[in-house]
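**Q** Have a look; sequence and predicted model below, questions after that.
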Amino acid sequence: MRKLTDKTDETALLQQFTDYFRLYENPLYYFALKTVQSELLARDIIQEVFIKLWSIRDQFADIHNMEDYLYRMVRNKVMDVLRQLANDRKLRADYFSGRQWEEANTFDTLAAKEYEIALAEAISKLPPQRRLIYQLSQVEGRSRNEIAEELEISPSTVKNQLTAALSYLRKVVAGQIKLF
């Protein structure tokens, strides 16, 4: 009877893994692609992340937020790849060949990528209304009055929420950027 339970457990884990893969493969791919700017490299990263996820399938129940866990795995893998590029002259030459970036700017480019990742991660952790106000202001370039009118709140609330968001983002991003 024990073998039947093991097979049932493995089937349930396989289904759970398949569900995670279908749900998160594309968003994770585009997250990685935005940073590494190489479709092949992004696919490799996602493949390695899901192989790692399968290897720890027995721990699925211990992971409280699978989405955060997977994004963190991708972020870490992207940083590993970028560090490898920074430290290996041949890899760097292969990666940057045909690109407009100059090799002399590699470290600046990698630092900018790490900043971009840290910022995106920090923005995703803002409370929903604060995140919306931040995006309307900083991404879409809307004025405080336009945001206040659209969200039906006072301009001072927009100002306070935006100030709080920017302060939080500065603090979080500054604490996360530790390249090399």
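**A** Thanks, I have it. What you see is a predicted model; the values in this text were computed from it and never measured.
**Q** Just list the residues touching residue 124, thanks.
**A** With contacts defined as Cβ atoms under 8 Å, 6 or more residues apart in numbering, residue 124 is in contact with 71, 131. C-betas here are computed from N, CA, C, even on glycine.
**Q** quick one: contacts for residue 67?
**A** Counting by Cβ under 8 Å, 6+ apart, residue 67 makes contact with residue 24.
**Q** how much space between it and residue 20?
**A** 9 Å (Cβ to Cβ, to the nearest Å).
**Q** domain ranges for the chain?
**A** Structural domains assigned to the chain are 2-106, 126-180, following automatic domain parsing.
**Q** and those domains, which one's lowest on average pLDDT?
**A** Within these, the stretch with the lowest mean pLDDT is domain 2-106, showing a mean of 79.
**Q** quick check: longest helix of this protein.
**A** Longest helix in the chain by number of residues (criterion: DSSP state H): helix 2-36.
**Q** Now do that helix: distance to the chain's middle.
**A** Helix 2-36 sits 18 Å away from the centroid of its parent chain (Cα atoms, centre = their mean, to the nearest Å).
**Q** so after it, what's the next helix or strand?
**A** Later in the chain than helix 2-36, the nearest helix or strand by DSSP states H and E is helix 39-55.
**Q** any idea how far that following helix is from the chain center?
**A** With Cα atoms, centre = their mean as the basis, helix 39-55 stands 14 Å off its chain's centre.
**Q** Repeat that for stretch 67-75.
**A** How far stretch 67-75 lies from its chain's middle: 7 Å, per Cα atoms, centre = their mean.
**Q** Ok, stretch 167-174 next?
**A** The chain centre lies 16 Å from the centre of stretch 167-174; the measure is Cα atoms, centre = their mean.
**Q** Which positions in it come out as buried?
**A** Within stretch 167-174, the residues scored as buried using 16 or more other Cβ atoms under 10 Å are 168-169, 172-173.
**Q** same question, stretch 73-81
**A** Judged by neighbour count using 16+ other Cβ under 10 Å, the buried positions of stretch 73-81 are 73-75, 77-79, 81.
**Q** Of those, just say which sits nearest to residue 121.
**A** Closest to residue 121 out of the buried residues of stretch 73-81 is residue 75 (6.7 Å), distances taken as Cβ to Cβ.
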